[in-house]
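> With the input below, show me the fold.
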Amino acid sequence: MIIKSLIDGVNNFLWGKNILVVMLIGAAIVSTVASRFMQFRLFGTIMSVLTKKEKDKNGISSLETFFLGTACRVGAGNIAGVVAAITVGGPGSLFWMWIVALFGAATSFIEATLAVLYRDKIGKDKYIGGTPWILKNRLKLGKIGVVYAIASILCYVGVTQVMANSITESVASAYSIDQKLVAVILTLIVAAIIFGKGKKDAIIDTLNKIVPFMATLYLGVVIFVIVTNFSQIPKMLLNIFEMAFGAKEIFGGGIGIVVMQGVRRGLFSNEAGSGNSNYAAAVVDVEEPAKQGMVQCLGVFVDTLVVCSATAFVILLAGAEKVSGVNGMVLRGAELSGMALFQESLKVHIGWIGIPFTVVVIFFFSLSTILAVAYYGKNALNFISEKVFANIVYQISIILMVYIGGIQQNFFVWSLADFGLGIMTVINIAFLSPLIGEALNELKKYELVLKKEKEINRAEKMRG
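The predicted structure is shown next:
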């Protein structure tokens, strides 16, 4: 009871009082201004980073770390969280999610660049790192790094439970299958992947297949929805902007709800500022830290501007009156919420197949997140103890949590995830913010590299 009260107290302070929101927004604005709006100024370069061919290496590539980071960012929350934001704050919340992503991308660039700069090398072409390593190697604060690593593990254990429950509940409710049976099957799948073998890493090899597939599947349906409702797009976009700045919201006092719902959901979805993606950023086999910073920066764009927007468009283009009996597009007070609202919206667009499609999407979104946090947690534990036995215990704990979460939802474990993420975010922002200048120096170096490459390519074209 004492531990539960302590965790609830910290969560109420950090999340309930919006302390984390203020810290994350502050970090995003400072990072954006200090980098001279790099996410806008270098947008073309950022987009080309993943398509640029890298030298053949045995280590983990930029594309693979992008899939790893995306797997952790994109989960069931990209559906349930967006639905919650729109239901409570209305369509205008989406606009503020966009703003958060656009500014938060700079935060992600800063922290990922630092993660590569201060990582450790293990073996010939393997690396390990993250916020704990930055604290140890740059700031000589190894003990604070241990606290961050412990908070990471607590967060990931909780996230695993939540994601597992999302899968089993969606399958069990859609097809009237025993939830325990679904939990057993899911547990076996996760165990087979975690303890499996791969060319580089079993989890990364699996995510290399899952992430492109789930993104193509989800966005393919959303594109279909947009094309078949193309005439409604202007009306929908106008409604989003009106609800974000509308007079009704301002004079009615609702503007605060609209902004905060969008800001909070955006921040919690793309994870910029928490240091989560640093575990993915640090393992890349590249020489330029700023390049990997751009990869994770792009991950923020994909998470919010693409995936979260896709979810919102499915709901808004369905029309609230068709889904829940509410006139107009204002979804506050709608009769349906959460996954039920999303499923019903999909049914409006693609008929009965909307429900099985939702089940498939939730399965892949949640499974990819479980695998990503299993990988992150393994690295976090490695910072605390390099003993193989400790890592095996952690992996078994993740597998057990998949089964436990699959059987029933435990709200204490959910609170544990919020607690861990909250502590991670406070430490990450407080200690990494003074190091922004070092990340920006790496950006300047990489811009010079890009400039030389352009000059060489131009000279080769002229000779050809």
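
> and the longest helix seen in the chain, what does it pack onto?
The helix that spans the most residues within the chain, counting by DSSP state H, is helix 142-175. With contacts taken as 3 or more Cβ pairs under 8 Å, 6 or more residues apart in numbering; DSSP states H and E, helix 142-175 sits against helix 131-137, helix 179-194, helix 354-384, helix 388-407, helix 411-432. Backbone N, C-alpha and C define where each C-beta goes, glycine included.

> same thing but 10 Å
On a contact count with 3 or more Cβ pairs under 10 Å, 6 or more residues apart in numbering; DSSP states H and E, helix 142-175 meets helix 77-89, helix 131-137, helix 179-194, helix 278-281, helix 338-350, helix 354-384, helix 388-407, helix 411-432.

> So what angle separates the directions of the third one and helix 388-407?
Helix 179-194 runs at 150 degrees relative to helix 388-407, counting by axes from the mean of the first three to the mean of the last three Cα atoms, to 10 degrees.

> Quick check: L367 touching I185?
No: judged on Cβ atoms under 10 Å, L367 makes no contact with I185 at a distance of 11.7 Å.

> higher neighbour count, those two?
L367 (25 against 15; other Cβ atoms under 10 Å).

> Let me see the contact set for that one.
By Cβ atoms under 10 Å, 6 or more residues apart in numbering, the contact set of L367 is 71, 75, 163-164, 166-167, 186, 189-190, 193, 206-207, 210, 214, 402.

> low-scoring stretches of the stretch 51-200 of the chain, by residue?
51-59, 75-77, 198-200 (pLDDT under 70).

> how does it look with 90?
Filtered on pLDDT under 90, the stretch 51-200 of the chain yields the residue ranges 51-102, 104, 120-127, 154-180, 182, 193-200.

> Single out the most deeply packed of the helices and strands packed on helix 142-175.
Of the helices and strands packed on helix 142-175, the one with the most neighbours on average (mean count of other Cβ atoms under 10 Å) is helix 278-281, at a mean of 33.

> before we move on, the earlier item: now flag whichever of the contacts of L367 is closest to D125.
Nearest to D125 among these: L207, at 19.3 Å, using Cβ to Cβ.

> Now do the helix or strand containing I203: distance to the chain's middle.
According to DSSP states H and E, I203 maps onto helix 202-228. With Cα atoms, centre = their mean, to the nearest Å as the basis, helix 202-228 stands 15 Å off its chain's centre.

> immediately after it, which helix or strand?
From helix 202-228 onward toward the C-terminus, using DSSP H and E, the following helix or strand is helix 233-245.

> sorry, back to before: give me the common contacts of L367 and I185.
Both L367 and I185 are contacted by I167, under the criterion Cβ under 10 Å, 6+ apart.

> Mind checking the pLDDT average for stretch 411-430?
For stretch 411-430, mean pLDDT is 85.

> show me where pLDDT drops low in the stretch 301-450 of the chain?
Within the stretch 301-450 of the chain, the segments meeting pLDDT under 90 span 301-378, 385-395, 397-398, 401, 404-422, 446-450.

> Show me which positions of stretch 277-296 end up buried.
Residues 277-286, 288-296 are the ones in stretch 277-296 that count as buried (16 or more other Cβ atoms under 10 Å).

> ok, the residue nearest the centre of the chain - contacts?
Geometric centre of the chain, nearest residue: R73, 1.6 Å, by Cα atoms, centre = their mean. Contact partners of R73, counting by Cβ under 10 Å, 6+ apart, are 108, 269-272, 276-277, 280, 296, 299-300, 302-304, 307-308, 368-369, 372.

> before we move on, the earlier item: so which of the helices and strands packed on helix 142-175 is nearest L450?
Closest approach to L450 among the helices and strands packed on helix 142-175 is made by helix 278-281 (19.1 Å; Cβ to Cβ).
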